[in-house]
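K.L.:
what follows is a predicted protein model with its sequence.
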Amino acid sequence: MLDDASSDVSGEETPVPFEWCFDILLYCQIRHSSLFSRRLASHLRLLCLWDMLLLICCFITNGVSSVYYKITPTYGFSAYIVYFFQPLASFCVTCAIWQVSVITTERYMAISHPFIHQSIKDRFKLKLICFTTVTCSFLLNIVTIPVERELRNCLKVEVKNNKLVPSASIQLVQKEIMSNRYYAIFVYLVPDFLFRAPVPTILIAVLTAQTLLIYKKRRLVSTRARGQRFKSTPFMLTVLNLKFILGNTLYMFNTVLVEVMGYGRLYSSQTENNKMEHYIGTLYLSDLSNMLLALHSATNWLIFYNWKTKSTARSLSGAFKSRFDVTLIDPKKAEQLLHRFETQKDRIGKEVMYRLCQESSTLTDKLNDEVICEKSCVCDDESAAAAHGKVIYDFIEEILKTLLNDAASIDKIREKCRNVGRIHYEAQIRFTTEQWKEARDLMIWCATGPSNKWTNTECYDNRFLEAYAKKVFNFIFAELKNGAFLAAVDEKQKVK
């Protein structure tokens, strides 16, 4: 006996190995490329895993059995397959629904409330989201199976040589609790509405519409979208959401028909004569809705897979690369820049301290409290100024040493800078954009200016090194400002 649509996903026979190959290719492409941000790439990799696992379950429970038996049997070895893999398929569907919901919500927050979104990202790590999704999906789909089904010993009678030959076998049967209306309402109806359909589907539809409106008003077209507009990230995520809504609409309708109206249930108000016809009708409807879910999972790779061609490679190359466009992680240039800073480490930090104290009276007052500066003369104590300047130099040196490694993590550097920005905010030290620019220009001048003399080092073209230094310090100061912004957002949320 097949279960209703809310408790299993059987699917239809599809060219599953073909879809597996492309899902695996998509997974590898996302993992080893920079087409998406790190967080979005992680979400998409998880979505690929749920899609592949769902297709495997559909292929095992329905494809293999249907080819051999012409139907999906519930006795013998197939009973074990259905018992374990049908709930696992439902588990994958729920995980995929939540994954798309998280992607849509984060995408909406990123463009509507960017600073709040950044604060949420810092609090809710990907591992926590993944653990919550897996745990809740397990509770919704797997825990109730021993209560609802059981494997019973049965007697199977086969016809061999015009004789009836009985043999012992195992049959999968539903328990009587499945006929209880209250159990169906609280275990299937309420969770289905809240966590499967229609609430997640409506949420995805509303947030997708709001996101598209914001994109339209702001006319946000990225550099990549200009070079390859039809495969931009907003376009791909929008198509994913629309396809998801279409694939889950019939699933939602089938849930309402079976769980709310009782159509095809043993406890329905239909007459005994029509009850079997209604039950067979729900089987066809369930199979159709399950087939759409499986088809949705089997075609997600068509949206995100990046077909590499010569034209797209040239367009991407022209969009992202130029003579002075250098990457942040460049061990050779980072080493050269570090050598130039090391020759003046006693001077650079002190120069920056002098300039910042001249521009920020708040910083001067803070230093006065530590008996470092005199109000009549900014940073008059040379040893104290050198001590605080050393803190600045040590911080820059730590960043540059991190960039010496090809496998350096930009996220770790970003987190370090934001922590410093938070410390500045908590100490009530504020710098304007112009003050940050002056500090940046001073550091670049100390490293690449004409007064800097280098010995026993290989010099790069000064223009390239200056461009690299500018990019590094722009990144550092931008993340310092972001850290201060995030601290301000956290403070406002605590007040609320």
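P.N.:
Ah, there it is.
K.L.:
downstream of the lowest-mean-pLDDT helix or strand in the chain, the next helix or strand is which one?
P.N.:
Within the chain, no helix or strand scores below helix 223-227, which has a mean of 40 by mean pLDDT, DSSP states H and E. Downstream of helix 223-227, the first helix or strand assigned by DSSP states H and E is helix 233-255.
K.L.:
give me the distance between the residue lying closest to Asn419 once chain neighbours are set aside and Glu398.
P.N.:
Excluding its sequence neighbours, the residue lying closest to Asn419 (Cβ to Cβ, 6 or more residues apart in numbering) is Gly483, at 6.4 Å. (Glycine included, C-beta is placed from N, CA and C.) The spacing between Gly483 and Glu398, counted by Cβ to Cβ, to the nearest Å, is 16 Å.
K.L.:
who's more crowded, those two?
P.N.:
Using other Cβ atoms under 10 Å as the criterion, Gly483 and Glu398 rank with Gly483 on top: 23 against 11.
K.L.:
which other helices and strands contact the helix or strand hosting the more buried one?
P.N.:
Element membership for Gly483 (DSSP H and E) is helix 462-495. Counting contacts by 3 or more Cβ pairs under 8 Å, 6 or more residues apart in numbering; DSSP states H and E, helix 462-495 is packed against helix 114-123, helix 331-342, helix 382-402, helix 410-426, helix 433-448.
K.L.:
okay, those in JSON lines with distance to His296 next?
P.N.:
Shown next, in JSON lines, are the helices and strands packed on helix 462-495 (distance: least, Cβ to Cβ, whole Å):
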{"stretch": "helix 114-123", "distance to His296": "27"}
{"stretch": "helix 331-342", "distance to His296": "44"}
{"stretch": "helix 382-402", "distance to His296": "42"}
{"stretch": "helix 410-426", "distance to His296": "32"}
{"stretch": "helix 433-448", "distance to His296": "47"}
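K.L.:
and Pro191, which of these is closest to it?
P.N.:
Nearest to Pro191 among these is helix 114-123; the distance by Cβ to Cβ comes to 25.3 Å.
K.L.:
and what about the residue lying closest to Thr74 once chain neighbours are set aside, helix, strand or coil?
P.N.:
Nearest residue to Thr74, sequence neighbours excluded (Cβ to Cβ, 6+ apart): Leu172, at 4.2 Å. For Leu172, the assignment made with DSSP: H, G, I helix; E, B strand; the rest coil gives strand.
K.L.:
you'd agree Leu172 is up against Phe85?
P.N.:
No. Using Cβ atoms under 8 Å as the test, Leu172 is too far from Phe85 to be in contact (11.6 Å).
K.L.:
make a markdown table out of the helices and strands packed on helix 462-495 and add distance to Arg45 and mean pLDDT.
P.N.:
Output for the helices and strands packed on helix 462-495, formatted as a markdown table (distance: least, Cβ to Cβ, whole Å; pLDDT from 0 to 100):
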| stretch | distance to Arg45 | mean pLDDT |
| --- | --- | --- |
| helix 114-123 | 17 | 74 |
| helix 331-342 | 28 | 80 |
| helix 382-402 | 26 | 73 |
| helix 410-426 | 16 | 83 |
| helix 433-448 | 36 | 75 |
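K.L.:
of all the ones you listed, which one is nearest Asn306?
P.N.:
Ranking those by proximity to Asn306 (Cβ to Cβ) places helix 410-426 first, at 21.7 Å.
K.L.:
which elements pack onto the closest one?
P.N.:
helix 382-402, helix 462-495.
K.L.:
can you list the buried residues in that helix?
P.N.:
Residues of helix 410-426 classed as buried by neighbour count (16 or more other Cβ atoms under 10 Å): 413-414, 416-418, 421-422, 424-425.
K.L.:
so can I have a markdown table of these showing distance to Ala79?
P.N.:
Shown next, in a markdown table, are these (distance: Cβ to Cβ, whole Å):
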| residue | distance to Ala79 |
| --- | --- |
| Ile413 | 55 |
| Arg414 | 53 |
| Lys416 | 57 |
| Cys417 | 58 |
| Arg418 | 55 |
| Gly421 | 60 |
| Arg422 | 58 |
| His424 | 65 |
| Tyr425 | 62 |
